[in-house]
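Trainee: pasted the sequence and its predicted model underneath.
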Amino acid sequence: MINKLRETNEKLLEDTKDEKYVLIKKILDDDKCFFKMDIESAFSILRDLKIKEDNLQNVYEELIDIKNFV
Amino acid sequence: MNEDFYVNKEEFDKINQAKNIYLPGNFISTELIKRILEKDDYFLYTVRFFKDNIKKFRILLQEKDMKREIILSKIEILRAIEIYVKENNLDRTRFDELKNLISYDKLKEKYQKKKFERDIENNHYIINVQDFLIFLDNPRYDFEKRCEESVKICNIDKEIFAYALLTFFNEEHLRDNYLLPNNIEANLKTLEKEIDTSFINKLLICEDTLYQKVELDEKLEEVILNNIPSDLSLLEKSIYIYIMLCKVLTYDEEFYALNEEDIVNVKHEDYHRVNKINLSNNRVTCYEFNLIYAKFLSKLGINFKSNYVGYDDETYGKGHVYLEYRVGKYLVHADSTEQILHGDIAGAKRNDMITGIELINKNNSLKQEFHSALEKVYAIIAEREEKKMYQKDNFDDLVREYHEKTNNYEQVDLKIKLSILLNKLNSSNYVGVDLMSYLLSLKKVLFTYEEMRYNLKTNIVANKDTKNDDLARLSCIISINDEYYLFTPHEKTRILSFVELKSLFDSGMLSYLENDTSLIDGIKRGK
């Protein structure tokens, strides 16, 4: 899942050249990033990556699953 | 001849109640110094001490069963006299006489033909004291260089030489009994700082014996040692095995839940239980982890000592256990369960930094070497895992920077957070201490400080409603505003009223863990 987000971010960075995608890229570089930032920041990043609002919780739960914890 | 200087109560009180001269680590009565300078009996007694005719300078008041005393070293007396003479502008004759008696020349005169003899690191050494003094007399720059760069001093390994020299100085109390020149004092300090001797004569043999009575499960041993790089140093191998054991074993949930109560401790007091620890039966207490690690260390030929090894006994299964071991110059302390949820047994599975294995030596170079070894082994193990290793970095700064660039940052409703928490706990295959450790990590990212303070509380509790032979397991109570959720791994989460929850505590079905200080409002700790 996180790899998909990285790909999406890469495309958005290419298209928009927006600095926030540079920062998101650095954040996502850490495999454990979703265990290190608060949920509000995580949701914000997912919105920036065009994840639909009603899908945010599902995607987030996938990202903080215990298989990603270890 | 009497070695003590007796005084009556009036004299002692006068000395004791006088103004003091302050020296680092002590204060000396001005009245005593005045008497030494003015009264012949006091001065002659001091001279006897300075000439080593008596071993100790002791002013003694003995009254029936009561004894009061003043004991001073030569340097303390001399420094106090120096200050007193200067402040009061007095004649220096007696001061100079005492000073000459403990000059560095006097030290050399007394010791230069003597030898220091000792067993060090299983070898017998006889070293001329003259060699110590000549070495210490090196100019500062040369001395520092020799300490840092030499392998040998006077044809002896420098650590052994330094140990012998410092032992000699300490046993003869030379720093208390002689006026050392500034360069000698400075060189001694450099020696202590630059050459680590803390490992000398330590753990020359393995002091434990219990490890000889247990055997490791073959599969467990294979998994731990499989793929261990052959070019690792012995120190690195010891660290590697420690980390791998933390990854493979887990802390015994029942033991933790019941806070090591006697009834559950009984089975862990039998060290034979270690023989049955394997990849599927992998729950351990600190005793068992320690014994298993000790067994691995013995296979590497490393000497160690567990903290339960006394002078004439080896009482296993009582109190917290860890061990210390030695590899060459490195003295290492290993404790995988110094904390349960945040210790290495839980943390290694998250690839958190290892904190329970640390160097005992204080020397900075050795610390850096040890740290490099730990990082190297850590990186080797983490490289094999799918996930990148934990990074200590400016992550928080990155996230803060990101906040400034986005318009999508919004508060997330508490109900959604709770839903996520319960979903994740319910869908996990982990149990016991490892799952509770995951819960704590989720709490940190899901809830704000204010929410955790005012709205939410989590209590990990002992739950005696078990489905197997265990006497208890871990559950978690999540209190959010006035709602209570009882989460137990592999069971449906129950939503309870306060009355229902309280009755579970009152009946003893649930109980707080010993170290839990934040209790649920209205539910006290049971007796």
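Mentor: Everything's here; your move. Residues are numbered from 1 along each chain as shown, chains lettered A, B, ... in the order given.

Trainee: quick one: buried residues of the lengthiest helix in chain A?
Mentor: Identified as the longest helix of chain A according to DSSP state H is helix A:2-16. Neighbour counts over helix A:2-16 (16 or more other CB atoms under 10 Å in any protein chain shown) mark A:Ile2, A:Leu5, A:Thr8, A:Asn9, A:Leu12, A:Leu13 as buried. Bear in mind the C-beta positions are built from the backbone N, C-alpha and C, glycine included.

Trainee: tell me which of those is nearest to chain B?
Mentor: Taking CB to the nearest CB as the measure, chain B sits nearest to A:Ile2 out of those, at 9.6 Å.

Trainee: gap between that closest one and B:Lys443?
Mentor: 21 Å (CB to CB, to the nearest Å).

Trainee: now do B:Asn423
Mentor: The value you get for B:Asn423 to B:Lys443, if CB to CB is used, is 14 Å.

Trainee: what's in contact with the helix or strand containing B:Arg68?
Mentor: For B:Arg68, the enclosing helix or strand under DSSP states H and E is strand B:66-72. Identification of contacts with strand B:66-72 by CB atoms under 8 Å, 6 or more residues apart in numbering or on different chains yields B:4, B:12, B:15-16, B:26, B:28-29, B:32, B:56-61.

Trainee: one step back: can you check what angle separates the helix or strand that the longest helix of chain A is followed by from helix A:2-16?
Mentor: Next along the chain after helix A:2-16, taking DSSP H and E as the criterion, comes helix A:19-28. Interaxial angle, helix A:19-28 versus helix A:2-16 (axes from the mean of the first three to the mean of the last three CA atoms, to 10 degrees): 160 degrees.

Trainee: check which helices and strands helix A:19-28 sits against.
Mentor: The helices and strands touching helix A:19-28, judged by 3 or more CB pairs under 8 Å, 6 or more residues apart in numbering or on different chains; DSSP states H and E, are helix A:2-16, helix A:39-48, helix B:395-405.

Trainee: what does it rub up against?
Mentor: By CB under 8 Å, 6+ apart, the list of residues contacting helix A:19-28 reads A:2, A:5-6, A:9-10, A:12-13, A:33, A:37, A:45, A:48-49, B:395, B:398-399, B:401-402, B:405-406.

Trainee: count of neighbours near B:Leu421?
Mentor: Close neighbours of B:Leu421, defined as other CB atoms under 10 Å in any protein chain shown, add up to 25.

Trainee: thought B:Thr493 was touching it, still the case?
Mentor: No - using CB atoms under 8 Å, B:Leu421 makes no contact with B:Thr493, being 10.0 Å away.

Trainee: that older thread, possible to save the contacts of strand B:66-72 as TSV with secondary structure and neighbour count?
Mentor: Converted to TSV, the contacts of strand B:66-72 look like this (DSSP: H, G, I helix; E, B strand; the rest coil; neighbours: other CB atoms under 10 Å in any protein chain shown):
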residue	secondary structure	neighbour count
B:Asp4	coil	15
B:Phe12	helix	19
B:Ile15	helix	20
B:Asn16	helix	15
B:Asn26	strand	13
B:Ile28	strand	22
B:Ser29	strand	20
B:Leu32	helix	26
B:Lys56	coil	11
B:Phe57	strand	21
B:Arg58	strand	16
B:Ile59	strand	22
B:Leu60	strand	16
B:Leu61	strand	19
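
Trainee: and the one residue in the stretch 151-300 of chain B that gets nearest to chain A, what does it touch?
Mentor: Chain A sits closest to B:Lys247 of the stretch 151-300 of chain B, with a gap of 8.8 Å, by CB to the nearest CB. Contacts for B:Lys247 (CB under 8 Å, 6+ apart) come out as B:Ala348, B:Lys349, B:Ile381.

Trainee: now with 6 Å?
Mentor: For B:Lys247, the contacting residues are B:Ala348, B:Lys349, by CB atoms under 6 Å, 6 or more residues apart in numbering or on different chains.

Trainee: so what pLDDT did it get?
Mentor: As predicted, B:Lys247 sits at a pLDDT of 89.

Trainee: that one: which element?
Mentor: helix B:234-248.

Trainee: how about the helix or strand following that helix against chain A, any contact?
Mentor: Per DSSP H and E, helix B:234-248 leads on to strand B:250-251 as the next helix or strand towards the C-terminus. No - Strand B:250-251 stays clear of chain A (CB under 6 Å from any CB of the partner chain), getting no nearer than 11.8 Å.

Trainee: what does strand B:250-251 contact?
Mentor: Here strand B:250-251 makes contact (CB under 6 Å, 6+ apart) with B:Asn282, B:Arg283, B:Ile340, B:Ile345, B:Val433, B:Asp434.

Trainee: I'd like the mean pLDDT over that strand, please.
Mentor: Averaging pLDDT along strand B:250-251 yields 84.

Trainee: name every strand pairing with that strand and say which way it goes.
Mentor: Note on strand B:250-251: by DSSP bridges, its sheet partners are strand B:283-284 (parallel).

Trainee: shaky segments in the stretch 401-527 of chain B?
Mentor: For the stretch 401-527 of chain B, the stretches with pLDDT under 70 are B:515, B:517, B:527.
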